[in-house]
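Participant: Mind folding the following:
(one chain, ligands or ions: 2)
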Amino acid sequence: MSPVSGPLRVRVPASSANLGPGFDALGLALGLHDELTVEATDDGLVVEVRGEGAGEVPLDDTHLVVRSMEAAFSLLGERPAGVRLTCTNAVPHGRGLGSSAAAIVGGLVAARALVAGEDRLDDLMLLQLATDLEGHPDNVAPALLGGLTIAWVDGAAAAAQRLDCDVPVTVFVPPEPVSTERARGLLPDTVTHADASFNAGRAALLVAALTAAPDRLISATEDRLHQTYRSLAMPDSYALVRRMRVEGVPAIISGAGPTVLAFARGIDDFCPPGWVVHHLDVDPHGAVVLPAS
Ligand SMILES: Nc1ncnc2c1ncn2[C@@H]1O[C@H](COP(=O)(O)OP(=O)(O)OP(=O)(O)O)[C@@H](O)[C@H]1O
Ligand SMILES: N[C@@H](CCO)C(=O)O
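Facilitator: Ligands and ions are numbered 1, 2, ... in the order given. Okay, here's the model as predicted:
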């Protein structure tokens, strides 16, 4: 796709990472989207934010979407004289639904569309930039590629395998955020060989369960590497996961939490007071460039 001169729109999905045992590797693109409208101008930077984050995120060049666009411009050695950016956000911040990944990927895809086109900045290069900005690949991969993704880093090189996946999802979003930074700080430096082996097996089973054998989801979503350690920061989320799992519902902490995700529908009665429920499908597309509406 060649560069777009007029205003353009980028739609980028929420994502749920880890999915239980697949810590820092598995991720799922979800049908809840942020939308960016971006236009090259003759001068300056204008940022407008609507929806999630409005009144909270900065409106200058420290804005995460702007920082991400700048990273792409720097790599390309080319940038517009000015940018007008409007963010219409539906992905809640600090909830484990990949809001930071959506901002990063949205900014990179928008910058590519504005000045380069895909022939000069392909998806693998965007995945690398996004992983460098986010710090781990498991949210930015599904945000970029859609579907179910298995992401990894070889040395410093990020990579991902996308898989088709069509599984119904319900997410329960609590009113208060927990930052990924805080959640990552609760993890131990080492785990037992038994726990590592357990998670490796269940993560492998989870890929099979999500693509071919959904009856395995309750076993496939067990985890020993992160959820219990993080329960200190999100006790209500952890209790909700346990309540659903004892009823046979494959429930997990979404990403670094505190959102709870279940691979099921018709379970809204589990929703605690003051939380928000979304019934979501998997987004197969990832970030897409659309004509400005
Ligand atoms: N659309 C956005 N625009 C600007 N800044 C954003 C946007 N989305 C996220 N951020 C920044 O990222 C922070 C949230 O990142 P954090 O990683 O803690 O949560 P998350 O990405 O929503 O959850 P997770 O990474 O666990 O899925 C916000 O507090 C804000 O500073
Ligand atoms: N794998 C990351 C996902 C963050 O969304 C973590 O759990 O910290």
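
Participant: For this protein, just list every one of the helices.
Facilitator: Assigned by DSSP state H, the helices in the chain fall at 64-76, 99-115, 123-134, 140-145, 180-184, 193-211, 217-220, 227-230, 235-246.

Participant: And the last one, what does it pack against?
Facilitator: Translated: helix 235-246. helix 227-230, strand 251-253, strand 260-262 (3 or more CB pairs under 8 Å, 6 or more residues apart in numbering; DSSP states H and E). C-beta coordinates here come from the backbone N, C-alpha and C atoms, glycine included.

Participant: rerun that using 10 Å as the cut-off
Facilitator: strand 169-173, helix 227-230, strand 251-253, strand 260-262 (3 or more CB pairs under 10 Å, 6 or more residues apart in numbering; DSSP states H and E).

Participant: related to what we said a few turns ago, and of the helices of the chain, who's closest to residue 154?
Facilitator: Of all these, it is helix 123-134 that lies closest to residue 154, at 11.1 Å by CB to CB.

Participant: and that closest one, what other elements does it pack with?
Facilitator: helix 64-76, helix 99-115, helix 140-145, strand 148-154, strand 157-163.

Participant: Next, format the ones you listed as TSV and append mean pLDDT.
Facilitator: Below are the helices and strands packed on helix 123-134 laid out as TSV (pLDDT from 0 to 100):
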stretch	mean pLDDT
helix 64-76	96
helix 99-115	96
helix 140-145	98
strand 148-154	97
strand 157-163	97
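
Participant: Deepest in the core, which of those is it.
Facilitator: Scoring the helices and strands packed on helix 123-134 by mean neighbour count under mean count of other CB atoms under 10 Å gives helix 140-145 as the most buried, with a mean of 32.

Participant: Give me the contact status of that one with ligand 2.
Facilitator: No - counting by CB under 6 Å from any ligand atom, ligand 2 is not contacted by helix 140-145; separation bottoms out at 9.9 Å.

Participant: ok now that helix, how far from the chain's centre?
Facilitator: 7 Å (CA atoms, centre = their mean, to the nearest Å).

Participant: Check which helices and strands it is in contact with.
Facilitator: Under the contact definition 3+ CB pairs under 10 Å, 6+ apart, helix 140-145 sits against strand 8-18, strand 22-41, helix 99-115, helix 123-134, strand 148-154, strand 157-163.

Participant: any chance of the ones you listed in TSV, plus distance to ligand 1?
Facilitator: Below are these laid out as TSV (distance: least, CB to the nearest ligand atom, whole Å):
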stretch	distance to ligand 1
strand 8-18	6
strand 22-41	6
helix 99-115	3
helix 123-134	8
strand 148-154	13
strand 157-163	16
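
Participant: can you list the residues of this structure near ligand 2?
Facilitator: Going by CB under 6 Å from any ligand atom, the residues of the chain near ligand 2 are 17-18, 23-24, 96, 136, 138-139, 180, 183-184, 226, 255-256.

Participant: To residue 11, which of the helices and strands packed on helix 123-134 lies closest?
Facilitator: Of all the helices and strands packed on helix 123-134, helix 99-115 comes closest under CB to CB, at 8.2 Å.

Participant: Give me the angle between that closest one and helix 64-76.
Facilitator: 50 degrees (axes from the mean of the first three to the mean of the last three CA atoms, to 10 degrees).

Participant: With just CA atoms, put helix 99-115 into CSV.
Facilitator: Taking C-alpha atoms only, helix 99-115 is exported to CSV below (Å, rounded to 0.1, in the frame of the first residue of the first chain):
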residue,chain,number,x,y,z
SER,A,99,-4.4,-0.5,25.5
SER,A,100,-0.7,0.4,25.4
ALA,A,101,-0.1,-2.2,22.6
ALA,A,102,-3.1,-0.8,20.7
ALA,A,103,-1.7,2.8,21.0
ILE,A,104,1.8,1.6,19.9
VAL,A,105,0.6,-0.5,17.0
GLY,A,106,-1.9,2.1,15.9
GLY,A,107,0.8,4.8,15.9
LEU,A,108,3.2,2.7,13.9
VAL,A,109,0.7,1.6,11.3
ALA,A,110,-0.5,5.2,10.9
ALA,A,111,3.0,6.5,10.5
ARG,A,112,3.7,3.8,7.9
ALA,A,113,0.6,4.7,6.0
LEU,A,114,1.4,8.4,6.0
VAL,A,115,5.0,8.4,4.8
